[in-house]
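Participant: Here's a sequence, model it:
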Amino acid sequence: MKQLDLEKIRTLIKYFIIQHNIKSILLAISGGQDSIYLINILETLKKQLFQTKIEISYIYIDHQWKPSSHKQVKHIINYIKLIKSRIIIYQIKGITLSEDECRKFRYHIISKHAAKYKFQLIMTGHSSTDIIETFVQNITKGSGIESLNNLAIKSKIFQDAFILRPLLGLDRNTIYWICKKFCLPIWSDSTNYLYKIQRNRIRQELIPYIRKYLHNNIEKNIKSLINNYYYQNEYIKQSVIKLYLKSRHNKRTAISHKKINAQNFLLQIKIIQLFCFDNFQIYLESSKIIKVIHKINNQSLNFSKIMTYNDLIFLINRNWFYLRIKI
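Facilitator: Numbers count the residues shown, from 1 in each chain. Alright, predicted model coming up:
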């Protein structure tokens, strides 16, 4: 079974590179088992399959959270030297951020680096375990359905550039077994056992507890739930786009509130969100949109101001809901 999984990963990467004619790859690594295994796959494919030259570069973001950070950086540099490749290391000093902020910061640095040096493909070592942990984290934050599955195998990040997460079909235990089999130099990160980090507590305590005392197939069930949510979310997004296009004014920045009010309450929220983003590139929170919807329903059809938001004024006039910039 594990050997079959390995072939699937190799085939996925090979097919993606060929399909999109990829010539340059930037792999974001951590030094952990996931990224080390991904390095092994890429270097093997480069030697065995691709006749044309593919540029592979590695990037590591060092937050310098712990005293041993320099040792981990040295370990990564030595391994990259061993395989005769190159790595770029960004060191962040004196900034204490939350786990979410650090993740966004890393993606920002990696994306800017990829854009600056024109890499066609960014790869990360996220596994199916990361999907499950992110899902649990998002539930505790009260995230909506669109945020419960925010890790896709592939996505387009900017013009002619993609991000690929080929290991999402493997869990951490399987990847650990593979690394041991091939004697890959995994860095044992002590911060993985700090329970003040929420993800570690989910990984080390919550999931094992549920598996032992509540349901031994918890990971499989969460994966199935995420798949269901994905298809539900795609259906909602397609419905919202269709309804928004039908309700738009053909000349003005407005939508028909009568057509919107006839829809499901969730669709009403999403249509107004899309309306605001499409015209003014702002994301209006659901709580504010709910207030707008209630005010629209309670207003007469005469010209009336609903609410203000930053430099925008929400108005209603006859059958139309308007968004106007303050003068």
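Participant: How is Q238 assigned, secondary-structure-wise?
Facilitator: On the three-state scheme (DSSP: H, G, I helix; E, B strand; the rest coil), Q238 is labelled helix.
Participant: Identify the residues contacting H294.
Facilitator: H294 makes contact with no residue, according to CB atoms under 8 Å, 6 or more residues apart in numbering. Any C-beta I mention is one placed from the backbone N, CA and C, and that applies to glycine too.
Participant: next structured bit after the helix or strand hosting it?
Facilitator: In this assignment (DSSP states H and E), H294 forms part of helix 286-298. Once helix 286-298 ends, the next helix or strand along the chain (criterion: DSSP H and E) is strand 304-309.
Participant: tell me the angle that next one makes with helix 286-298.
Facilitator: If you take axes from the mean of the first three to the mean of the last three CA atoms, to 10 degrees, strand 304-309 sits at 170 degrees to helix 286-298.
Participant: The top strand by length along the chain pairs with which strands?
Facilitator: Taking DSSP state E as the criterion, the chain has its longest strand at strand 55-62. When pairs are called by DSSP bridges, strand 55-62 turns out to pair with strand 24-29 (parallel), strand 86-91 (parallel).
Participant: Just the buried residues of the last one, please?
Facilitator: Neighbour-count burial for strand 86-91, counted by 16 or more other CB atoms under 10 Å, picks out I87.
Participant: Start the count at 21 instead of 1 going forward.
Facilitator: Happy to do that; since the first residue is 21 now, the last one works out to strand 106-111.
Participant: what distance separates it from the centre of its chain?
Facilitator: A distance of 22 Å separates the centroid of the chain from that of strand 106-111, by CA atoms, centre = their mean, to the nearest Å.
Participant: Can you name the element that comes right after that strand?
Facilitator: Taking DSSP H and E, what comes next after strand 106-111 is helix 119-136.
Participant: That next one: how far from the chain's middle?
Facilitator: For helix 119-136, the distance to the chain centre is 12 Å (CA atoms, centre = their mean).
Participant: what does it contact?
Facilitator: Residues contacting helix 119-136 (CB under 8 Å, 6+ apart): 46, 48, 79, 81, 83, 108, 110, 112, 117, 139, 142, 177-178, 181, 217-219.
Participant: count of neighbours near Y215?
Facilitator: The number of residues packed near Y215 is 9, by other CB atoms under 10 Å.
Participant: Equivalent analysis for K201, please.
Facilitator: As a burial measure, K201 scores 10 neighbours (other CB under 10 Å).
Participant: Now stretch 130-150: buried residues?
Facilitator: Buried residues in stretch 130-150, defined by neighbour count with 16+ other CB under 10 Å: 130-131, 133-134, 139-150.
Participant: Actually, stretch 107-125.
Facilitator: I107, C122, F125.
Participant: Single out whichever of these has the smallest pLDDT.
Facilitator: Sorting the buried residues of stretch 107-125 by pLDDT puts C122 at the bottom of the list (78).
Participant: Which parts of the stretch 121-270 of the chain are helices?
Facilitator: Remark: helices assigned in the stretch 121-270 of the chain by DSSP state H, counting those that start in this stretch are 148-160, 192-201, 218-221, 227-233, 238-267.
Participant: For the fourth one, could you pull out the residues that count as buried?
Facilitator: Neighbour counts over helix 227-233 (16+ other CB under 10 Å) mark I227, I230 as buried.
Participant: Keeping just the C-alphas, turn that helix into PDB.
Facilitator: What follows is helix 227-233, C-alpha atoms only, in PDB (Å, rounded to 0.1, in the frame of the first residue of the first chain):
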ATOM      1  CA  ILE A 227      -6.700  13.600  17.900                       C
ATOM      2  CA  PRO A 228      -5.200  10.600  19.900                       C
ATOM      3  CA  TYR A 229      -7.900  11.000  22.600                       C
ATOM      4  CA  ILE A 230     -10.700  11.000  20.100                       C
ATOM      5  CA  ARG A 231      -9.200   8.000  18.300                       C
ATOM      6  CA  LYS A 232      -8.900   6.000  21.500                       C
ATOM      7  CA  TYR A 233     -12.100   6.900  23.300                       C
END
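Participant: What average pLDDT does it get?
Facilitator: 94.
Participant: The shortest one too?
Facilitator: What helix 218-221 shows for mean pLDDT is 87.
Participant: again, but for stretch 53-66
Facilitator: Stretch 53-66 comes out at a mean pLDDT of 89.
Participant: Show me the contact partners of it.
Facilitator: With contact meaning CB under 8 Å, 6+ apart, stretch 53-66 is reached by 29-30, 33-34, 37, 45, 47-49, 74, 76, 78, 99-100, 103, 105, 143-147, 186-187, 192, 195-196, 198-199, 202, 204-207.
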